[in-house]
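In: Got a sequence here, can you model it:
(2 chains)
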Amino acid sequence: EDKVVQSPLSLVVHEGDTVTLNCSYEVTNFRSLLWYKQEKKAPTFLFMLTSSGIEKKSGRLSSILDKKELSSILNITATQTGDSAIYLCAVKGQGFSFIFGKGTRLLVKP
Amino acid sequence: EAQVTQNPRYLITVTGKKLTVTCSQNMNHEYMSWYRQDPGLGLRQIYYSMNVEVTDKGDVPEGYKVSRKEKRNFPLILESPSPNQTSLYFCASSLYPSGQLNEQFFGPGTRLTVL
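Out: Numbering: from 1, shown residues only, chains lettered A, B, ... in the order given. Predicted structure coming up:
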(Lines give C-alpha, C1' and ligand atoms only; values in the text may rest on other atoms or scores of the structure.)
Protein backbone atom coordinates (compact mmCIF):
# COMPACT_ATOMS: atom_id res chain seq x y z
CA GLU A 1 0.00 0.00 0.00
CA ASP A 2 1.33 3.44 -0.94
CA LYS A 3 2.30 5.57 2.04
CA VAL A 4 3.61 9.06 2.80
CA VAL A 5 4.90 9.94 6.26
CA GLN A 6 5.78 13.44 7.39
CA SER A 7 7.78 14.44 10.42
CA PRO A 8 7.63 16.12 12.77
CA LEU A 9 3.85 16.45 13.07
CA SER A 10 4.27 19.84 14.70
CA LEU A 11 7.05 22.27 15.32
CA VAL A 12 7.42 25.57 17.19
CA VAL A 13 10.32 27.89 16.38
CA HIS A 14 11.20 31.56 16.75
CA GLU A 15 11.55 34.08 13.97
CA GLY A 16 14.91 33.82 12.29
CA ASP A 17 15.33 30.11 12.96
CA THR A 18 15.92 27.59 10.17
CA VAL A 19 13.58 24.60 9.98
CA THR A 20 13.73 21.30 8.14
CA LEU A 21 10.58 19.33 7.43
CA ASN A 22 10.76 15.70 6.38
CA CYS A 23 8.69 13.56 4.04
CA SER A 24 9.31 9.88 3.40
CA TYR A 25 7.36 7.75 0.99
CA GLU A 26 6.70 4.23 -0.16
CA VAL A 27 4.95 4.20 -3.51
CA THR A 28 4.92 1.92 -6.48
CA ASN A 29 6.47 3.51 -9.54
CA PHE A 30 7.42 6.91 -8.10
CA ARG A 31 6.93 9.81 -10.50
CA SER A 32 6.74 13.04 -8.51
CA LEU A 33 6.62 14.55 -5.04
CA LEU A 34 4.87 17.82 -4.30
CA TRP A 35 5.00 20.25 -1.38
CA TYR A 36 2.06 22.47 -0.42
CA LYS A 37 1.53 25.18 2.18
CA GLN A 38 -1.86 25.37 3.89
CA GLU A 39 -2.80 28.37 5.97
CA LYS A 40 -6.40 28.88 7.06
CA LYS A 41 -7.70 27.91 3.67
CA ALA A 42 -6.87 25.78 0.64
CA PRO A 43 -3.40 24.34 0.09
CA THR A 44 -1.17 26.33 -2.23
CA PHE A 45 1.55 24.76 -4.35
CA LEU A 46 5.21 25.23 -3.41
CA PHE A 47 7.40 22.75 -5.30
CA MET A 48 7.32 19.65 -7.44
CA LEU A 49 10.28 17.29 -7.49
CA THR A 50 10.79 14.48 -9.95
CA SER A 51 13.54 12.07 -10.88
CA SER A 52 14.83 14.67 -13.31
CA GLY A 53 14.50 17.65 -10.99
CA ILE A 54 15.60 16.78 -7.48
CA GLU A 55 16.25 20.24 -6.04
CA LYS A 56 14.12 23.35 -6.08
CA LYS A 57 14.53 26.76 -4.46
CA SER A 58 12.35 29.80 -4.11
CA GLY A 59 13.47 32.60 -1.86
CA ARG A 60 13.92 31.28 1.67
CA LEU A 61 12.34 27.92 0.81
CA SER A 62 14.18 25.02 -0.76
CA SER A 63 13.49 21.34 -1.22
CA ILE A 64 15.56 18.31 -2.08
CA LEU A 65 14.52 14.84 -3.19
CA ASP A 66 16.64 11.87 -2.07
CA LYS A 67 15.73 9.02 -4.39
CA LYS A 68 17.91 6.51 -2.55
CA GLU A 69 16.37 7.23 0.83
CA LEU A 70 12.88 7.69 -0.67
CA SER A 71 12.47 10.98 1.08
CA SER A 72 12.40 14.72 0.67
CA ILE A 73 13.14 17.67 2.91
CA LEU A 74 11.71 21.17 2.87
CA ASN A 75 13.99 23.83 4.33
CA ILE A 76 12.87 27.26 5.42
CA THR A 77 15.60 29.69 6.40
CA ALA A 78 15.20 32.91 8.39
CA THR A 79 11.63 31.96 9.31
CA GLN A 80 8.96 34.64 9.66
CA THR A 81 5.59 34.56 11.41
CA GLY A 82 3.98 34.40 7.96
CA ASP A 83 5.55 30.98 7.49
CA SER A 84 3.22 29.59 10.15
CA ALA A 85 1.09 27.01 8.35
CA ILE A 86 0.59 23.32 7.75
CA TYR A 87 3.07 21.98 5.21
CA LEU A 88 1.81 19.05 3.16
CA CYS A 89 3.78 16.53 1.15
CA ALA A 90 2.10 14.50 -1.60
CA VAL A 91 3.32 11.75 -3.89
CA LYS A 92 1.87 10.49 -7.13
CA GLY A 93 0.50 7.04 -6.35
CA GLN A 94 -0.96 4.21 -8.41
CA GLY A 95 -2.53 5.28 -11.65
CA PHE A 96 -3.22 8.97 -11.36
CA SER A 97 -3.91 9.12 -7.65
CA PHE A 98 -2.15 11.32 -5.10
CA ILE A 99 -1.21 10.27 -1.59
CA PHE A 100 -0.81 13.04 0.98
CA GLY A 101 1.02 12.89 4.28
CA LYS A 102 -0.68 14.12 7.44
CA GLY A 103 1.25 17.36 7.31
CA THR A 104 3.62 19.25 9.58
CA ARG A 105 2.10 22.11 11.57
CA LEU A 106 4.68 24.88 11.87
CA LEU A 107 4.28 27.76 14.31
CA VAL A 108 6.77 30.62 14.11
CA LYS A 109 6.77 32.84 17.20
CA PRO A 110 7.89 36.47 17.08
CA GLU B 1 -9.25 35.09 -12.84
CA ALA B 2 -8.06 31.48 -13.01
CA GLN B 3 -9.70 29.58 -10.21
CA VAL B 4 -11.43 26.52 -8.83
CA THR B 5 -14.81 27.25 -7.28
CA GLN B 6 -16.89 25.10 -4.96
CA ASN B 7 -20.45 25.44 -3.79
CA PRO B 8 -21.74 25.51 -1.20
CA ARG B 9 -18.92 26.65 1.07
CA TYR B 10 -20.74 25.53 4.19
CA LEU B 11 -23.50 22.96 4.54
CA ILE B 12 -25.30 21.42 7.48
CA THR B 13 -27.58 18.53 6.61
CA VAL B 14 -29.17 15.44 8.12
CA THR B 15 -28.41 11.78 7.70
CA GLY B 16 -29.76 10.29 4.50
CA LYS B 17 -30.60 13.49 2.66
CA LYS B 18 -28.91 13.41 -0.73
CA LEU B 19 -26.61 16.32 -1.52
CA THR B 20 -24.30 17.52 -4.26
CA VAL B 21 -21.23 19.70 -3.89
CA THR B 22 -20.32 21.39 -7.14
CA CYS B 23 -16.82 22.07 -8.39
CA SER B 24 -15.91 24.11 -11.42
CA GLN B 25 -12.61 25.26 -12.93
CA ASN B 26 -12.00 27.82 -15.66
CA MET B 27 -8.45 26.80 -16.60
CA ASN B 28 -9.30 24.07 -19.14
CA HIS B 29 -7.64 21.51 -16.87
CA GLU B 30 -7.89 17.85 -17.74
CA TYR B 31 -7.40 16.45 -14.24
CA MET B 32 -9.81 17.06 -11.37
CA SER B 33 -9.99 15.51 -7.96
CA TRP B 34 -11.90 15.50 -4.67
CA TYR B 35 -10.28 15.28 -1.24
CA ARG B 36 -11.52 15.25 2.30
CA GLN B 37 -9.49 16.64 5.17
CA ASP B 38 -9.96 15.43 8.73
CA PRO B 39 -7.96 16.30 11.85
CA GLY B 40 -5.11 13.86 12.36
CA LEU B 41 -5.74 12.15 9.03
CA GLY B 42 -4.58 14.77 6.56
CA LEU B 43 -5.88 15.04 3.01
CA ARG B 44 -7.32 11.85 1.53
CA GLN B 45 -8.31 11.47 -2.07
CA ILE B 46 -11.90 10.42 -2.73
CA TYR B 47 -12.17 10.29 -6.52
CA TYR B 48 -10.32 11.75 -9.45
CA SER B 49 -10.92 12.26 -13.14
CA MET B 50 -8.35 12.26 -15.92
CA ASN B 51 -10.75 13.76 -18.45
CA VAL B 52 -14.40 13.86 -19.50
CA GLU B 53 -16.16 10.57 -18.72
CA VAL B 54 -12.99 9.11 -17.15
CA THR B 55 -13.03 8.75 -13.37
CA ASP B 56 -11.35 6.49 -10.85
CA LYS B 57 -11.42 5.80 -7.12
CA GLY B 58 -8.97 7.33 -4.70
CA ASP B 59 -8.28 6.13 -1.17
CA VAL B 60 -11.70 6.70 0.38
CA PRO B 61 -14.45 6.44 -2.27
CA GLU B 62 -17.09 4.66 -0.16
CA GLY B 63 -20.30 6.66 0.15
CA TYR B 64 -19.46 9.06 -2.66
CA LYS B 65 -20.20 9.33 -6.37
CA VAL B 66 -18.79 11.62 -9.02
CA SER B 67 -19.41 12.42 -12.66
CA ARG B 68 -17.46 14.29 -15.31
CA LYS B 69 -19.82 15.17 -18.15
CA GLU B 70 -18.06 18.41 -18.99
CA LYS B 71 -14.41 19.29 -18.71
CA ARG B 72 -14.94 22.21 -16.33
CA ASN B 73 -17.27 20.54 -13.81
CA PHE B 74 -16.74 17.69 -11.37
CA PRO B 75 -19.58 17.40 -8.84
CA LEU B 76 -19.34 15.27 -5.72
CA ILE B 77 -22.54 13.43 -4.81
CA LEU B 78 -23.42 11.98 -1.43
CA GLU B 79 -26.46 9.78 -2.04
CA SER B 80 -27.13 9.03 1.63
CA PRO B 81 -24.84 11.11 3.85
CA SER B 82 -23.83 9.80 7.25
CA PRO B 83 -22.20 11.57 10.23
CA ASN B 84 -18.81 10.02 9.41
CA GLN B 85 -18.82 12.08 6.22
CA THR B 86 -18.66 15.27 8.25
CA SER B 87 -15.46 16.83 6.96
CA LEU B 88 -13.77 19.61 5.02
CA TYR B 89 -13.88 18.85 1.31
CA PHE B 90 -11.54 20.23 -1.33
CA CYS B 91 -11.80 20.07 -5.08
CA ALA B 92 -8.58 20.42 -7.06
CA SER B 93 -7.53 20.51 -10.69
CA SER B 94 -4.36 20.35 -12.74
CA LEU B 95 -3.62 20.83 -16.40
CA TYR B 96 -2.56 17.24 -16.93
CA PRO B 97 -2.75 14.15 -14.74
CA SER B 98 0.98 13.53 -15.05
CA GLY B 99 4.18 15.08 -16.26
CA GLN B 100 5.63 18.45 -15.43
CA LEU B 101 2.32 20.28 -15.29
CA ASN B 102 0.48 18.24 -12.70
CA GLU B 103 0.61 20.69 -9.80
CA GLN B 104 -2.90 20.87 -8.40
CA PHE B 105 -4.85 24.06 -7.76
CA PHE B 106 -7.30 23.77 -4.90
CA GLY B 107 -10.73 25.24 -4.45
CA PRO B 108 -11.65 27.14 -1.24
CA GLY B 109 -13.16 24.12 0.48
CA THR B 110 -16.65 23.03 1.57
CA ARG B 111 -17.26 22.40 5.23
CA LEU B 112 -19.94 19.71 5.53
CA THR B 113 -21.67 18.69 8.74
CA VAL B 114 -24.00 15.69 8.72
CA LEU B 115 -26.24 15.44 11.80
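In: my read: residue A:85 touches residue A:41, true?
Out: No. When contacts are counted by C-beta atoms under 8 Å, residue A:85 is not listed as touching residue A:41 (10.1 Å). Bear in mind the C-beta positions are built from the backbone N, C-alpha and C, glycine included.
In: Who has more neighbours out of the two?
Out: More neighbours surround residue A:85 than the other of residue A:85 and residue A:41, with 19 against 11 (other C-beta atoms under 10 Å in any protein chain shown).
In: pLDDT score assigned to the more buried one?
Out: Residue A:85 is assigned 97 on the pLDDT scale.
In: beta partners for it?
Out: On the basis of DSSP bridges, residue A:85 is bridged to residue A:106.
In: and it, what is it in contact with?
Out: Applying C-beta atoms under 8 Å, 6 or more residues apart in numbering or on different chains, one finds that residue A:85 lies in contact with A:37, A:38, A:39, A:105, A:106.
In: what separates residue B:25 from residue B:107, distance-wise?
Out: 8 Å (C-beta to C-beta, to the nearest Å).
In: Give me the common contacts of those two.
Out: Contacts common to residue B:25 and residue B:107, judged by C-beta under 8 Å, 6+ apart, are B:3, B:4, B:5, B:91.
In: Show me which pair in the residues you listed is furthest apart.
Out: Spanning the widest gap among these are B:3 and B:91, at 11.0 Å by C-beta to C-beta.
In: thinking again about what came up before, which single one of the contacts of residue A:85 is nearest to chain B?
Out: Closest approach between the contacts of residue A:85 and chain B, by C-beta to the nearest C-beta: residue A:38, at 8.7 Å.
In: number of nearby residues for the closest one?
Out: Residue A:38, neighbours per other C-beta under 10 Å, totals 18.
In: Name the residues linked to it by a beta bridge.
Out: Beta-bridge partners of residue A:38, counted by DSSP bridges, are residue A:86.
In: any idea how far it lies from residue B:90?
Out: Going from residue A:38 to residue B:90 by C-beta to C-beta gives 10 Å.
In: How far off centre is the longest strand seen in chain B?
Out: Counting by DSSP state E, the longest strand found in chain B is strand B:42-51. Relative to the chain's own centre, strand B:42-51 is displaced by 7 Å; criterion: C-alpha atoms, centre = their mean, to the nearest Å.
In: List the pairing partners of that strand within its sheet, with orientation.
Out: strand B:31-38 (antiparallel), strand B:54-57 (antiparallel).
In: In terms of packing, which of residue B:25 and residue B:107 has more residues around it?
Out: Neighbour totals were compared for residue B:25 and residue B:107, and residue B:107 leads with 26 against 22 (other C-beta under 10 Å).
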